[in-house]
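Asker: What shape does this take:
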Amino acid sequence: MFGLGTPELIVILGIAFLVFGGKKLPEIGAGLGKGIRSFKTGLKDVEDAGKNLVEDAVPGAKEINSLKEEVDKVKNVSNVLKS
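Answerer: Here you go, the predicted model:
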């Protein structure tokens, strides 16, 4: 995670605690969580839009994607069985 280890994260959290105080940290954490969730949702929407464009533009793309999903499922099952 960006090359940050446990000691670095503890120091960063300690500084944040000193700067913002204990009462503001939960609010800041909640805001960061919402922002990250929103960012991930936006990325997924863009990815889905790109897939839809490709599927509409390339004949047979839907079938290829469904086959790829089936192959991924089989790979996941085989990996679980190997463990």
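Asker: Quick one: name whatever helix or strand follows the helix ranked longest in the chain.
Answerer: For the chain, the helix with the greatest residue count under DSSP state H is helix 25-57. As assigned by DSSP states H and E, the chain's next helix or strand after helix 25-57 is helix 61-82.
Asker: how much space between Pro26 and Asp45?
Answerer: To Asp45, Pro26 is 29 Å away according to CB to CB, to the nearest Å. From N, CA and C alone the C-beta is placed, and that goes for glycine too.
Asker: Distance from the helix or strand of the chain with the lowest mean pLDDT to the middle of the chain?
Answerer: Every helix and strand of the chain was ranked by mean pLDDT, DSSP states H and E. The lowest is helix 61-82, at a mean of 86. Chain-centre distance of helix 61-82: 20 Å, with CA atoms, centre = their mean, to the nearest Å.
Asker: which helices and strands sit right next to it?
Answerer: helix 25-57 (3 or more CB pairs under 8 Å, 6 or more residues apart in numbering; DSSP states H and E).
Asker: mind listing what the residue nearest the centre of the chain touches?
Answerer: The centroid of the chain falls nearest to Lys40 when counting by CA atoms, centre = their mean (5.7 Å). Contacts for Lys40 (CB atoms under 8 Å, 6 or more residues apart in numbering) come out as none.
Asker: quick one: it from Val58, how far?
Answerer: In terms of CB to CB, Lys40 sits 27 Å off from Val58.
Asker: Give the ranges of residues in this structure that sit below the confidence cut-off.
Answerer: In the predicted model, the chain carries pLDDT under 70 at residues 1-2.
Asker: try it again with 90
Answerer: 1-7, 9, 12-14, 16-17, 19-26, 28-29, 50-68, 75-83 (pLDDT under 90).
Asker: that older thread, how far off helix 61-82 does the longest helix of the chain point, in degrees?
Answerer: Between helix 25-57 and helix 61-82, the angle formed by their directions is 130 degrees, by axes from the mean of the first three to the mean of the last three CA atoms, to 10 degrees.
Asker: State the distance from the residue nearest to the centre of the chain to Leu67.
Answerer: From Lys40 over to Leu67 (counting by CB to CB), the distance is 27 Å.
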